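Novice: Model the following, please.
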Amino acid sequence: MSLREQVIKSPGYSITKIPNIKKFNQLRDKFIEKMGIEKKSDDINSIRRDIALMNNAEVNKAMINLLSFDEASEMMIDACGDIVKELSGSEILIQRRANNIFNLPGKEQRRQWPHYELMSGISPYTFVLWAPFHDLQDDAGVYYIDQEESFKIIKKEHDEGLVNGPTILNMMHNQKPAKLKYGEVIVFNPFILHGNIDFNSDLARVACSVRFQNKTKPLMQKNSDFLKIYQLN
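Specialist: Predicted structure coming up:
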C-alpha cells in the first residue's frame with residue numbers, strides 16, 4: 001500500500017522516513033538556538049534534560065522566542081518535500097507558523113487531550129506532519145487512533161451532540177504510544193484522533209509539526225492568516 005493510500009484510506013496515517021534529513025537536522029539545530037538553550041554538546045538527550053529542568057520563567061521565555069521562528073514551517077515542508085508532493089502536489093498552502101513543541105515530563109505538566117484537527121476548523125483536505133527531534137520510545141506518550149475507530153467515535157459524539165465529550169476525554173488512559181526513530185515523521189489526515197499522556201522521564205519531549213494542503217482545495221474555516229502559499233521545488 002502506498003503512503004497516499006495509507007494516509008487517505010486506511011489507517012489514516014503513516015510513519016515514514018524524512019526524505020531530506022540534512023534539512024531536518026538544520027531545523028532541529030535552529031529550534032535549539034531559538035529556545036535559547038546553551039548547546040554544551042551535540043547530544044540531544046543532554047539538551048532535553050536541560051529543557052526538563054527549566055523553571056516557569058525560562059519556559060515562558062522559550063515559548064516567546066519560538067514565536068519568532070517563522071521559517072520552521074518552510075524548513076519542515078522542505079525536509080518532507082517528497083511526502084508533501086505525493087499528497088498535495090508542489091503548489092500548496094502551509095501553516096504560517098509551525099508548531100514548535102516541547103513537553104515537560106510529569107503529571108503537573110501540560111498534556112494534549114485527545115482531539116482531531118478538523119475539530120479546530122482545519123480543512124478536511126489538510127494533512128499534518130509531526131516529527132520528534134529524538135527517538136520516541138514508550139515513555140513519550142504520543143498516540144494515534146486509526147481512521148476506522150476515529151470515525152466511529154466522532155460519529156458517536158456527533159449523534160450525542162457533543163465535542164470532546166466523555167468518550168474522547170477518557171481515551172487518554174491506557175493508550176499505546178507510537179514509536180518513532182529520529183529521522184522519521186508521522187503524516188496523518190485531519191480525522192485521526194490523537195493526543196499524549198503523562199510521561200515519566202528525566203528528559204523533555206521536543207518535536208515539530210506543520211499542516212499543509214493543495215493550494216486549490218477549499219480552506220473551510222481557516223484562511224490565509226493561518227496559511228501561506230508555498231512552492232516546492
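Novice: When you work out contacts or count neighbours from here on, use the C-alpha atoms and nothing else.
Specialist: OK.
Novice: Lys40 - how many residues pack around it?
Specialist: 9 (other C-alpha atoms under 10 Å).
Novice: Repeat that for the one 10 residues further on.
Specialist: Under the neighbour criterion other C-alpha under 10 Å, Asp50 is assigned a count of 16.
Novice: Distance of it relative to Asn65?
Specialist: Noted for Asp50: a distance of 17 Å to Asn65, by C-alpha to C-alpha, to the nearest Å.
Novice: If I look at the closest residue to Phe127 other than its chain neighbours, what pLDDT would I see?
Specialist: Once flanking residues are discounted, Phe127 sits nearest to Asn189: 4.8 Å by C-alpha to C-alpha, 6 or more residues apart in numbering. pLDDT, Asn189: 95.
Novice: Test my guess that Asn189 contacts Gly12.
Specialist: Yes - between Asn189 and Gly12 a contact is recorded at 5.9 Å, counting by C-alpha atoms under 8 Å.
Novice: how about Tyr71, what does it touch?
Specialist: Actually, residue 71 is Glu rather than Tyr. Glu71 is in contact with Arg97, counting by C-alpha atoms under 8 Å, 6 or more residues apart in numbering.
Novice: which secondary structure elements does the lengthiest helix in the chain contact?
Specialist: As assigned by DSSP state H, the longest helix anywhere in the chain is helix 21-35. Helix 21-35 is packed against helix 56-66, helix 72-79, with contacts defined by 3 or more C-alpha pairs under 8 Å, 6 or more residues apart in numbering; DSSP states H and E.
Novice: Quick check: which of the ones you listed is buried the most?
Specialist: Mean neighbours per residue, mean count of other C-alpha atoms under 10 Å, is largest over the helices and strands packed on helix 21-35 for helix 72-79, with a mean of 23.
Novice: mean confidence score for the helix or strand following that one?
Specialist: Later in the chain than helix 72-79, the nearest helix or strand by DSSP states H and E is helix 81-88. For helix 81-88, mean pLDDT rounds to 98.
Novice: same question, stretch 65-74
Specialist: pLDDT averaged over stretch 65-74 gives 94.
Novice: Run the chain-centre distance for that stretch.
Specialist: Taking the mean of its C-alpha atoms, stretch 65-74 sits 15 Å from the chain's own mean (C-alpha atoms, centre = their mean, to the nearest Å).
Novice: sorry, back to before: distance from the chain centre to the longest helix of the chain, please.
Specialist: Relative to its parent chain, helix 21-35 has a centroid offset of 16 Å by C-alpha atoms, centre = their mean.
Novice: Next, the buried residues of the helix or strand following it.
Specialist: Next in sequence after helix 21-35, counting helices and strands by DSSP H and E, comes helix 44-52. In terms of neighbour count (16 or more other C-alpha atoms under 10 Å), helix 44-52 has its buried residues at 44-45, 47-52.
Novice: Please apply the same query to stretch 120-127.
Specialist: Buried, per 16+ other C-alpha under 10 Å, within stretch 120-127: 122-127.
Novice: returning to what we had before: any idea of the mean pLDDT for the longest helix of the chain?
Specialist: 95.
Novice: who touches stretch 154-161?
Specialist: Against stretch 154-161 from outside (C-alpha under 8 Å, 6+ apart): 163-165, 167.
Novice: try stretch 76-96
Specialist: 4, 18-24, 27, 70, 73-74, 208-216, 225-233.
Novice: Show me which strand runs longest in the chain.
Specialist: Ranked by residue count, the top strand of the chain under DSSP state E comes out as strand 205-214.
Novice: That one pairs with which strands?
Specialist: Sheet pairing of strand 205-214 (DSSP bridges) gives strand 91-95 (antiparallel), strand 99-103 (antiparallel), strand 127-132 (antiparallel).
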